[in-house]
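*Asks:* For reference, the sequence and a predicted model appear below.
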Amino acid sequence: MTSPLSGSLAADGQMSLNGLQLWASDVNATGGIYVRSLGRKLPVQLVYYDDQSNTARVAALYPQLIASNVNFLMAPYSSPLTLAAAPIAEQHHILMLSHGGAADGIWQKGYNNIIGVLSPGSAYMLPVADMLATLTPKPTTLAFFYGNDPFSISIFNGLSPYAIKLGYKVVYNQTYDESASDYTSQLAQIAALKPDVLLGGAHFVDGETIMKNVRSLGINFNAIVLLVAPDDPRFLSDLGSVSNYVITPGQWEPNLEFTSFSAYGNITSAQFFSKFTSRFGITPNYEAAQAYAAGLILQKAIYDSGSLDNTVVRNQLGQEDFYTFYGRFKIDQTGIQVAHSMVVAQWQNGNKQTIWPRPVATAPPLYPIPPWSQR
């Protein structure tokens, strides 16, 4: 695998790599993965390179990984990087698990060997729209301001018709260059329209920049919803009180438990959170959790099929339907994830709380956001 350990996606890439490293350590502590056709356990060896958040690097490095005779591939973090690796995996008929690339387009190209671990982009913001509809006063006008990348575009392509169906009015719907260092001009245009809710983002760096710009301009929204960035604990340490009230859709939160479903992997969310924090000195976000889960999913498919043959393991994955601490895994014939559920979280007084859906919420939403002058 490659991972963006430098460049614009470094924070996300490091989280993902750490999740996989923890999984490999846990598996190897038990002797490895049992392969029935060999009659023995094999230890996991992670081979990875820094792709520098660069698609050209991904395209150059994945053939090298394949040439080194790795058994399986993990995709790099992010949809653009996964899209760069996917045709290479498909060309060589090697199974690749996507733990950090969610753009629906990954599974619309006819590939057979790309397996989605996480909910696809089109599903990300739907629970947010549902949650907003329960608030008082109910927001009616929305502004969409998101990255010009496959991941973010797929999210807002999924959200837009759903929001209209729920009765919201979208007053602004524009993308931005994720590499930009300032978004004040576009945010000022949005502020002039006075939307109730700002929904946007793409990844970590741009998400933080948006919040810094919103604060510097003194723009007041009743709610702010951003992708990816608020899920990272560094969002709080970097922004301090500016992070407060920000909402984010997520693939996993530490309070979620699936023990009643006989979750595979012999690890709970609480145990994962504790082990990850102890080893890496930072609390895990959903990127770390889904990377660890990707390892568990591959592990179970190898164990259940008794094989290291990519075709056999791919066919096994198509039959699997089970839970890990991360949630449910099931794919359709294209390999896209169809069973995992999203949650919604919010930063509240220095703590990230799960606010939706209600049965798993640790706190109710804080809404509307007080004006900056009162914070």
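*Replies:* Noted; the coordinates are in hand.
*Asks:* Just the strands from the stretch 1-150 of the chain, written as ranges.
*Replies:* 2-3, 33-35, 40-42, 49-50, 73-74, 96-98, 114-116, 141-147 (DSSP state E, counting those that start in this stretch).
*Asks:* Next: the stretch 251-375 of the chain.
*Replies:* 322-324, 327-329, 343-348, 351-356.
*Asks:* so which of those comes closest to residue 42?
*Replies:* Taking C-beta to C-beta, strand 322-324 is the member of these nearest to residue 42, at 20.6 Å. C-betas here are computed from N, CA, C, even on glycine.
*Asks:* Just the mean pLDDT for the closest one, thanks.
*Replies:* Taken as a whole, strand 322-324 carries a mean pLDDT of 97.
*Asks:* Likewise for stretch 16-25?
*Replies:* 98.
*Asks:* just to revisit the earlier point, closest to residue 294 out of the strands of the stretch 1-150 of the chain?
*Replies:* strand 96-98 (4.6 Å).
*Asks:* in its sheet, what does that closest one sit against?
*Replies:* Next to strand 96-98 in the sheet, as set by DSSP bridges, lie strand 73-74 (parallel), strand 114-116 (parallel).
*Asks:* what comes into contact with that strand?
*Replies:* 72-75, 82, 85-86, 89, 106, 113-118, 294, 297-298 (C-beta atoms under 8 Å, 6 or more residues apart in numbering).
*Asks:* Go through it and flag the buried ones.
*Replies:* 96-98 (16 or more other C-beta atoms under 10 Å).
*Asks:* Could you list which residues are in contact with residue 207?
*Replies:* 201, 226-230, 235.
*Asks:* how close does the closest residue to residue 277 other than its chain neighbours get to residue 232?
*Replies:* Among residues not flanking residue 277 along the chain, residue 283 sits closest, at 5.2 Å (C-beta to C-beta, 6 or more residues apart in numbering). The gap separating residue 283 from residue 232 is 9 Å, by C-beta to C-beta, to the nearest Å.
*Asks:* Could you check which of those two is surrounded by more residues?
*Replies:* A side-by-side neighbour count of residue 283 and residue 232, using other C-beta atoms under 10 Å, places residue 232 first with 26 against 16.
*Asks:* Looking at that one now. What's its pLDDT?
*Replies:* 96.
*Asks:* can I assume it is in contact with residue 15?
*Replies:* Yes. Counting by C-beta atoms under 8 Å, residue 15 is a contact partner of residue 232 at 7.1 Å.
*Asks:* overlap in contacts of the two?
*Replies:* 285, 287.
*Asks:* just to revisit the earlier point, of the contacts of strand 96-98, keep whichever come out buried.
*Replies:* 72-75, 82, 85-86, 89, 106, 113-118, 294, 297-298.
*Asks:* Please list all residues in contact with residue 231.
*Replies:* 248, 250, 285-287, 345, 352.
*Asks:* To clarify, my last question referred to residue 230.
*Replies:* Contacts of residue 230 (C-beta under 8 Å, 6+ apart): 207, 243, 246-248, 345, 347, 352.
*Asks:* try residue 354
*Replies:* Counted by C-beta under 8 Å, 6+ apart, residue 354 has contacts 253, 255-256, 343-345, 360-363.
*Asks:* Please repeat the previous calculation with a cut-off of 6 Å.
*Replies:* 253, 255, 343, 345, 360-362 (C-beta atoms under 6 Å, 6 or more residues apart in numbering).
*Asks:* Residue 201 too?
*Replies:* Residue 201 neighbours (C-beta under 6 Å, 6+ apart): 207, 226-227, 229.
*Asks:* Among those, which lie within helices?
*Replies:* Residues of those located in helices (DSSP state H): residue 207.
*Asks:* Next step: the contacts of residue 201 restricted to strands.
*Replies:* Judged by DSSP state E, strands contain the following of the contacts of residue 201: residue 226.
*Asks:* for the contacts of residue 201, which one is nearest residue 192?
*Replies:* For those, the nearest to residue 192 is residue 226 (20.4 Å; C-beta to C-beta).
*Asks:* Run a quick neighbour tally on the closest one.
*Replies:* With other C-beta under 10 Å as criterion, residue 226 counts 25.
*Asks:* Show me what it is bridged to.
*Replies:* residue 200.
*Asks:* how much space between it and residue 205?
*Replies:* Counting by C-beta to C-beta, the gap from residue 226 to residue 205 is 12 Å.
*Asks:* next one: residue 75
*Replies:* Applying C-beta to C-beta to residue 75 and residue 205 gives a distance of 21 Å.
*Asks:* now swap in residue 185 and tell me
*Replies:* To residue 205, residue 185 is 18 Å away according to C-beta to C-beta.
*Asks:* Check the residue lying closest to residue 4 once chain neighbours are set aside and give its pLDDT.
*Replies:* The shortest distance from residue 4 to any non-neighbouring residue, by C-beta to C-beta, 6+ apart, is to residue 13 (3.5 Å). Looking at residue 13, its pLDDT stands at 98.
*Asks:* Distance of the residue nearest to residue 151 when sequence neighbours are not counted relative to residue 341?
*Replies:* Using C-beta to C-beta, 6+ apart and skipping the chain neighbours, the partner closest in space to residue 151 is residue 79 (3.8 Å). Distance of residue 79 to residue 341, given as C-beta to C-beta: 20 Å.
*Asks:* mind listing the helices for the stretch 151-300 of the chain?
*Replies:* With DSSP state H, counting those that start in this stretch as the criterion, the stretch 151-300 of the chain has helices at 184-193, 204-217, 234-239, 269-280, 286-305.
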